[in-house]
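Participant: Provided below for reference: sequence and predicted model.
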Amino acid sequence: MYFQEPSLLKFQQQMEDQQGSNNCRSLFGIENIPQSSQLRDVLDNIPSDAIAPIFKDFFSRLRRHKHLEGYAILPNVLMCSIDGTQYYSSKKISCEHCLHKEHKTGEKTYSHAVLQGAIMHPDKKQVIPVMPEAIQNTDGSKKQDCETNAAKRFIDRLKATHPRQKFLICGDGLMSHQPLIEKVLDNNMHYIFVCKPGDHQYLLNG
């Protein structure tokens, strides 16, 4: 992420071959570049909530130095786009927090997903990520967690973390339903959600 390259190891090895040195050694003093599997082994043992203060601190520094003013859509209103994404899938390896999908053949696919949000502005290429919300089964119930429930938790957390900041929440058609809209309004936020004709026949065809 720091070097904007999908593979840290490949990027550093390529630099080593071409220039006889690499950024990991010169900037961070790392002699043996870890492979992605080793990075996952280390990061998998760290609860995601442990990194939440990093996002808050980053946001606070941007606010303190007035960098967020250029992202305002309206006075003191930042646009935060949210969307879910799956980042792990397997038919063999699973954990107690995995989402699961049972196929007609009886096989199960296990997966991990997350709802990510980012501060955006139509005139800027750079986005500012905020703390994501895991989409995972945590309460021992057989009922699956879902993107909509994660979005509700995300909005509550966003408000609690930045109580003085106003947000405009943007999302796809999955978000444009009454429970989530009420959650946004209850937190004194604005919203722009995609509205598909097939999902809102009364609104569009009534």
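Facilitator: Structure's in. What do you need?
Participant: from here on, just use CA atoms for contacts and neighbour counts.
Facilitator: Will do.
Participant: SS state for residue 87?
Facilitator: Three-state call for residue 87 (DSSP: H, G, I helix; E, B strand; the rest coil): strand.
Participant: from residue 113, how far off is it?
Facilitator: 6 Å (Cα to Cα, to the nearest Å).
Participant: show the pLDDT at residue 85.
Facilitator: Looking at residue 85, its pLDDT is 93.
Participant: need the contact list for it.
Facilitator: For residue 85, the contact set (Cα atoms under 8 Å, 6 or more residues apart in numbering) comprises 113, 114, 115, 116.
Participant: quick one on the thing from earlier: who has more neighbours out of residue 87 and residue 113?
Facilitator: Counting neighbours by other Cα atoms under 10 Å for residue 87 and for residue 113 shows that residue 113 has the greater number, 20 against 9.
Participant: okay, now the closest residue to residue 33 other than its chain neighbours: neighbour count?
Facilitator: Using Cα to Cα, 6 or more residues apart in numbering and skipping the chain neighbours, the partner closest in space to residue 33 is residue 9 (6.3 Å). Here the number of neighbours of residue 9 (other Cα under 10 Å) works out to 16.
Participant: gap between stretch 184-202 and the chain center?
Facilitator: Stretch 184-202 has its C-alpha centroid displaced from the chain centroid by 20 Å (Cα atoms, centre = their mean, to the nearest Å).
Participant: picking that back up, following the helix or strand hosting the residue nearest to residue 33, which helix or strand comes up?
Facilitator: Secondary-structure assignment from DSSP states H and E places residue 9 in helix 8-19. The first helix or strand that comes after helix 8-19 along the chain, using DSSP H and E, is helix 23-28.
Participant: tell me what that following helix is packed against?
Facilitator: Helices and strands touching helix 23-28, as assessed by 3 or more Cα pairs under 8 Å, 6 or more residues apart in numbering; DSSP states H and E, are absent.
Participant: run through who's touching it.
Facilitator: With Cα under 8 Å, 6+ apart as the contact definition, helix 23-28 has outside contacts at 12, 30, 31, 33.
Participant: out of the contacts of residue 85, who's the most crowded?
Facilitator: If you count neighbours using other Cα under 10 Å, the busiest of the contacts of residue 85 is residue 115, which has 22 neighbours.
Participant: give the closest residue to it in space, chain neighbours not counted.
Facilitator: The shortest distance from residue 115 to any non-neighbouring residue, by Cα to Cα, 6+ apart, is to residue 84 (4.1 Å).
Participant: the strand or helix carrying that neighbour pairs with which strands?
Facilitator: For residue 84, the host element (DSSP H and E) is strand 77-90. Taking DSSP bridges as the criterion, strand 77-90 forms sheet pairs with strand 72-74 (antiparallel), strand 108-120 (antiparallel), strand 166-171 (parallel).
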